[in-house]
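Peer 1: Requesting a structural model of the entry that follows:
(chains A and B)
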2 protein chains.
Amino acid sequence: MEAPEISDSSPVAIKPVEAAIESHTEFKPESLDLLHHLSIESRIRQKSLLKVSSSYLARDPELLSLAAGLPSPSLFPIEKITVTVPTAKHESARNGLWKNNGLLHAHRDLLKEKDSNLKGQSEYDLSRALQYEQGTGAKQLLKFLKKHTEVVHNPQYRDWDCIMSGGNTHAMETVFRMLINPGDYIILEEFAFPETAEALKPLRAKMIGIEMDKEGMKSDSVRQLLESWDETARGGKRPGVLYVVPTGQNPTGATMSVQRRKEIYDICVTYDLIIIEDDPYYFLQMSDYVPGADPTVVNVPKTNDEFLSTLIPSVLSIDTQGRVLRLDSFSKIAAPGLRCGWITGSDRFIERVLRHNEVGLQFPSGVSMAVLHGMLGEAWGQDGFLDWLVNLRAEYTSRRNALLVAMDKYLPREVCEWVVPSAGMFVWLQVDHTKHPRKDNGIEAVEMELFEAGIDNKVLILPGAWFKVNPEARDVFFRATFASVSAEEMALAVERFGEVLRKSFGFV
Amino acid sequence: MEAPEISDSSPVAIKPVEAAIESHTEFKPESLDLLHHLSIESRIRQKSLLKVSSSYLARDPELLSLAAGLPSPSLFPIEKITVTVPTAKHESARNGLWKNNGLLHAHRDLLKEKDSNLKGQSEYDLSRALQYEQGTGAKQLLKFLKKHTEVVHNPQYRDWDCIMSGGNTHAMETVFRMLINPGDYIILEEFAFPETAEALKPLRAKMIGIEMDKEGMKSDSVRQLLESWDETARGGKRPGVLYVVPTGQNPTGATMSVQRRKEIYDICVTYDLIIIEDDPYYFLQMSDYVPGADPTVVNVPKTNDEFLSTLIPSVLSIDTQGRVLRLDSFSKIAAPGLRCGWITGSDRFIERVLRHNEVGLQFPSGVSMAVLHGMLGEAWGQDGFLDWLVNLRAEYTSRRNALLVAMDKYLPREVCEWVVPSAGMFVWLQVDHTKHPRKDNGIEAVEMELFEAGIDNKVLILPGAWFKVNPEARDVFFRATFASVSAEEMALAVERFGEVLRKSFGFV
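Peer 2: All right, here's what the predicted structure looks like:
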């Protein structure tokens, strides 16, 4: 591939040979050059001059350096970090029996780690983890994540790459800034995580929320919007970016079918849109819910291959052109406090993210990366990571089931409707405002009345209005989560909200 | 203080009562409202709706929540983290004898930590550190840093506050975005860390580099620039932001005197500029260099009060109006890999940073914050932290001395000039191009010739051109660091560069 020309003064993007070798994808096509989508800000970014100095050192190991202003690791006040993580053989993972006996050690002064009871040595010592790092993130951890991405998503073009992020909120803001100029339109789902809109408003992006059904964003609506786009009427050019949370969407819990994903992707090819696939709930895909069955009994895949085959293909996995920027996060599959995730896409776009990281985030915390590398790369390996995800899937399935049992039992079906979520952390409750005695006050007034009556009855459940992208309301909605409270508390909370609904609708 | 009005549609900034109480500053004046300096982007930022939900929970502890989509800490795969940090009594710190025997433990499931051999309990357990956190950063650590800031800088107005950042590169980008619209001018030092310019270019800021002397940015030049500002000729309004690294500046090593700081501050009051005080090297202030003395013998302050009295007042400490945004970092005083720092300024500006954090960084890594809180808040305390900084200061002084001894010994004084740095990690070498046989090729050509001859002679030292903010070069410069290599390597490297200079200038 030729180095992309962004503008006359732009830096030349250097393509790592490594990417092609690593993913064994020599028979795959190259991505399209889609850099015309870059924002003005992103086009201007240049490679840091200071990065050049390390290339001299790499070329000549005899060179004595008075160059890099790196503090000496001997002055880092952290000698050793020991982390205890659960480990398990495959069989016990499938029974949910993870023992917490894995000890990982990272020492500051030892390049080879001898004290660990896991593998006997660490590739990524503390003197490295506590030092300045490349804007890509630590290469050992990044290598693990690229392999994982290849195993799970197997991108269909040759020149894909990954870069580490500070979690999906950070990644989202980064790719928005990379692709959106003030005044540009962007396509979203009609309901979105509020921070998405709160990140877009300061960038002065104009948001269009597409109507959703149980499979999420409706492809027909997207096509119609783009087909009939009128620049003059809209006061702006056709959107160049579509942002979607395809799996266990927040707040609706909707998961797009493969068919829907392909339709959306094809439309984006036709109208030349970049797709931001924000997918933190991908591994919280759950087995079926059987009403009446014991909610704690969860069907678990027998092998990791079987597990992988149950996962719905990501939009990244059907992308042949390098049109998808996929955002993965450790927040839901490990811990949010790590502030660590990764972005996958064509290496042209990943290079632009790298240029931004270098003058912003720099890289995720080295302590977070050391903990993750110890856990993933040393204690678990690729298969062990999948085992952990199977374990997690079972936990979330059981929690979801408990919430659904309570909803079946306590909510008035006459006015309530919900789709059983097949992924994520949320159930989206639709309440038929047309049957409400005070419907003439308007949808939002009915929603707020129910929300406040909930508070009075000691239950907090979030109103649809908080997630609305478009100004108009379609019906009354509430978001309930099954992520963090016990089955008993969920049941009690749902019972209380059922009382609120019955009373407010005049059923009691 | 009244809540500031930014614009009709802007959110109302809520002032924490805590700030005023914490800093015991009831007799200090309030800051000026300087929010007219906000960029368009920053003015638009709104408070996250989701943050509202936690206020309901805070008001009514009996409320059952189906609201917050937080993963359950029981599903975090990290059970325990143990960190070994050096601890010392004050006396041994002053002798540089820090023993590495402090063990800090953080458990996931224990709110009260009983296993630590330090204080017997931890306020900040892992289930908190691994969870989502407020955009301010962990409150326990932030409290420590505010106290530290009060002890060291004692801000002269009442309503100051701190917020955590992802280190000073992240903090710098954040405050640039908060204060600069495309096309705005900004004042910098004539030489700057390259990433400063690389962060500003994509924001389309117009940079003006002010001539420096041994005390850094010349105040007369700043005054003259602002006094004679011609909007038409310049194609833009007078700069509203002055960015400065006042202590151990990178690359020049210059430290501004108190007098210079006051002059710059007064000019910024007169012409209404916000000062960004980027000060990562503040605690790397060193004792005097005595040529001919043993470089490893370093004068160490006897008490922490004496130590504090040796530190030059920060620009923050002389600010009475809330005009300074001070950026502090753990990168040089603990470890860069922690990616953690803090911003201090008027709470009006800090609130705007918080709104940005909420949709970007979110917060620094919880693992980094847990390590720092364990070390600072539990193992060391305020005094122990100062002890550590005294220890660090002695280390850097000795390293600086070793470099200066080598420079005295090996560099040709006929063409070389340098100022002994009183802080930081760098010595800035000025080479008189007018005496060079190929001076007619231009300053930059002479500089590059010397740089490349250095590489050929196995020494890497960075050319002034890499740090230049303005297009024109004033003379030939090189930046040498004493941060990361041994005294022996530094001596050999300087000897090699001395050979290069003598040969190139035709002295041998």
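Peer 1: Residues in a beta bridge with the closest residue in space to A:Lys80 that isn't next to it in sequence, which ones?
Peer 2: Closest residue to A:Lys80 apart from its sequence neighbours, by CB to CB, 6 or more residues apart in numbering or on different chains: B:Thr84 at 4.0 Å. Heads up, the C-betas are built off the backbone N, CA and C, glycines and all. Per DSSP bridges, the residues bridged to B:Thr84 are A:Lys80, B:Leu103.
Peer 1: what's the span of stretch A:432-441 from first residue to last?
Peer 2: Stretch A:432-441 has an end-to-end distance of 14 Å (CA to CA, to the nearest Å).
Peer 1: tell me which residues in that stretch are buried?
Peer 2: Residues of stretch A:432-441 classed as buried by neighbour count (16 or more other CB atoms under 10 Å in any protein chain shown): A:433, A:436.
Peer 1: and that stretch, how far from the chain's centre?
Peer 2: If you compare the mean C-alpha spot of stretch A:432-441 with that of the full chain, they lie 37 Å apart, counting by CA atoms, centre = their mean, to the nearest Å.
Peer 1: Also stretch A:129-138?
Peer 2: On CA atoms, centre = their mean, the centre of stretch A:129-138 falls 22 Å from that of its chain.
Peer 1: Also stretch A:442-451?
Peer 2: Using CA atoms, centre = their mean, the mean C-alpha position of stretch A:442-451 is found 31 Å from that of the whole chain.
Peer 1: could you dump it to PDB, C-alpha only?
Peer 2: The C-alpha trace of stretch A:442-451 is given here as PDB (Å, rounded to 0.1, in the frame of the first residue of the first chain):
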ATOM      1  CA  GLY A 442     -47.900  14.700  27.300                       C
ATOM      2  CA  ILE A 443     -45.600  11.800  27.200                       C
ATOM      3  CA  GLU A 444     -42.800  13.400  29.100                       C
ATOM      4  CA  ALA A 445     -45.100  14.500  31.900                       C
ATOM      5  CA  VAL A 446     -46.500  10.900  32.300                       C
ATOM      6  CA  GLU A 447     -42.900   9.600  32.400                       C
ATOM      7  CA  MET A 448     -41.800  12.100  35.000                       C
ATOM      8  CA  GLU A 449     -44.900  11.400  37.100                       C
ATOM      9  CA  LEU A 450     -44.000   7.700  37.100                       C
ATOM     10  CA  PHE A 451     -40.300   8.400  37.800                       C
END
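Peer 1: related to what we said a few turns ago, wait, doesn't the residue nearest to A:Lys80 sit right on A:Pro77?
Peer 2: No. Assessed by CB atoms under 8 Å, B:Thr84 is found out of contact with A:Pro77, at 9.9 Å.
Peer 1: Which one's more surrounded, these two?
Peer 2: Using other CB atoms under 10 Å in any protein chain shown as the criterion, B:Thr84 and A:Pro77 rank with A:Pro77 on top: 28 against 19.
Peer 1: which SS state does A:Arg502 fall under?
Peer 2: What DSSP: H, G, I helix; E, B strand; the rest coil gives for A:Arg502 is helix.
Peer 1: residue contacts, it?
Peer 2: Shown in contact with A:Arg502 (CB atoms under 8 Å, 6 or more residues apart in numbering or on different chains): A:412, A:508.
Peer 1: How much space separates it from B:Ile318?
Peer 2: 65 Å (CB to CB, to the nearest Å).
Peer 1: Check which residues of the longest helix seen in chain A are buried.
Peer 2: Taking DSSP state H as the criterion, chain A has its longest helix at helix A:381-410. Under the neighbour-count criterion of 16+ other CB under 10 Å, helix A:381-410 has A:382, A:384-407, A:410 buried.
Peer 1: A:Leu70 contacts A:Arg128, correct?
Peer 2: No. Checked against CB under 8 Å, the pair A:Leu70 and A:Arg128 is beyond contact range at 11.2 Å.
Peer 1: what about these two, which has more around it?
Peer 2: A count of neighbours by other CB under 10 Å puts A:Arg128 above the other of A:Leu70 and A:Arg128, at 22 against 17.
Peer 1: State whether that one is indeed within a helix.
Peer 2: Yes. Under three-state DSSP, A:Arg128 sits within a helix.
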